[in-house]
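Asks: sequence first, then the predicted structure:
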Amino acid sequence: MPAIDVFMLLHQVCIAFQMTVSTSHGLDIKGTKAFLRYFDSVSREVSPGGAVPKQYAVYFAVPTDIYEKFSSDALPMTGASGAKLTTKKALDTSLRLKQW
């Protein structure tokens, strides 16, 4: 799935992981929107009452040698060319993620 390398379902919660060796890593908006739709559908199936969370957790997995240099700020939504997006749609999408 674009934008996410691995995900898991733990106690009815979808958790995403993105692995990178870069010191910063944007999230492709097209791929992010796709996994949000998928996570929403999974959440509706497994959550009591079909509740969909306001946010999903995304964990960035990085090698130990770049851990201290990796951005602690939320990473941006990016377009197909890798350029940072500042549109309302990009902001709304990024607000659905809690980045770790």
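Replies: Everything's here; your move.

Asks: the strands in the chain, which residues?
Replies: Secondary structure of the chain (DSSP state E): strands at 6-10, 13-19, 27-28, 56-61, 77-78, 97-99.

Asks: residue closest to the middle of this structure?
Replies: Val58 (4.4 Å; CA atoms, centre = their mean).

Asks: quickly list what that one is bridged to.
Replies: Under DSSP bridges, the beta-bridge partners of Val58 are Ala16, Gln99.

Asks: so who does it touch?
Replies: Val58 sits next to 4, 16-18, 27, 97-100 when contact means CB atoms under 8 Å, 6 or more residues apart in numbering. Glycine gets a C-beta too; all of them are placed from N, C-alpha and C.

Asks: which ones are touching the spatially closest residue to Val6 that is not a sequence neighbour?
Replies: Sequence neighbours aside, Phe17 is the residue nearest to Val6 in space, at 4.4 Å (criterion: CB to CB, 6 or more residues apart in numbering). Phe17 is in contact with 4-8, 58-61, counting by CB under 8 Å, 6+ apart.

Asks: what's around the closest residue to Asp40 other than its chain neighbours, how many residues?
Replies: Spatial nearest neighbour of Asp40, excluding adjacent residues (CB to CB, 6+ apart): Val52 at 4.9 Å. As a burial measure, Val52 scores 14 neighbours (other CB atoms under 10 Å).

Asks: wait, Val52 touches Glu45, no?
Replies: No - under the criterion of CB atoms under 8 Å, Val52 is not in contact with Glu45, lying 10.6 Å apart.

Asks: sorry, back to before: give the contact list for the residue nearest to Asp40.
Replies: Taking CB under 8 Å, 6+ apart, we find Val52 in contact with 40, 43-44.

Asks: out of those residues, who has the most neighbours?
Replies: The most neighbours of any of the contacts of Val52, using other CB under 10 Å, belong to Ser43, which has 18 neighbours.
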